[in-house]
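Chemist: Starting from these lines, generate the structure:
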Amino acid sequence: MTEDFIPDLDQTPGSETPFPGNTLSEPNRVPLKILVISSPKGVTNTIHTFYRLGYAQISEWSKPQPTQTPGEVMSVLSRRIPID
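Modeler: Have a look, this model is predicted:
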């Protein structure tokens with residue numbers, strides 16, 4: 001299952017694969033990624049906590065993916081934040 005994280009070497013990231021939400025109209029924003037790694041229940045509880053705090057919708061998080069450690073998964077929240 002960890003094969004999901006192996007990059008496709010035939011594709012080189014560039015302007016054709018922008019960060020989600022990346023537009024020229026957002027020059028004062030930078031990418032932010034929050035990574036949660038824990039047991040499936042720990043990841044789910046953390047995602048729900050961010051939702052209850054009003055920080056992120058549950059649907060904004062990636063589907064939990066297995067790590068190399070048995071019984072452990074990870075999920076990522078990607079967004080752009082304003083900078084000074």
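Chemist: tell me, what residue is most central in the protein?
Modeler: Val76 (2.5 Å; C-alpha atoms, centre = their mean).
Chemist: what's near enough to touch that residue?
Modeler: Residues near Val76 by C-beta atoms under 8 Å, 6 or more residues apart in numbering: Lys33, Ile34, Leu35, Val36, Trp61, Ser62. (Glycine included, C-beta is placed from N, CA and C.)
Chemist: Which ones among the residues you listed lie within helices?
Modeler: Using DSSP state H, no member of these sits in helices.
Chemist: how close does the residue nearest to the centre of the chain get to Thr49?
Modeler: For Val76, the distance to Thr49 equals 16 Å [C-beta to C-beta, to the nearest Å].
Chemist: Narrow the contacts of Val76 to just the buried residues.
Modeler: Val36, Trp61 (16 or more other C-beta atoms under 10 Å).
Chemist: Just the ones of the contacts of Val76 in strands?
Modeler: The members of the contacts of Val76 that map onto strands under DSSP state E are Lys33, Ile34, Leu35, Val36.
Chemist: mind putting these in CSV, distance to Thr67 and pLDDT included?
Modeler: Output for these, formatted as CSV (distance: C-beta to C-beta, whole Å; pLDDT from 0 to 100):
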residue, distance to Thr67, pLDDT
Lys33, 16, 97
Ile34, 16, 98
Leu35, 11, 98
Val36, 11, 99
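Chemist: surely Ile58 meets His48?
Modeler: Yes: contact criterion C-beta atoms under 8 Å: Ile58 and His48 qualify, at 7.0 Å.
Chemist: which non-adjacent residue is nearest the residue nearest to the centre of the chain?
Modeler: Nearest non-adjacent residue to Val76, counting by C-beta to C-beta, 6 or more residues apart in numbering: Ser62, 4.6 Å away.
Chemist: OK, contacts around the one you found?
Modeler: Ser75, Val76, Leu77, Ser78.
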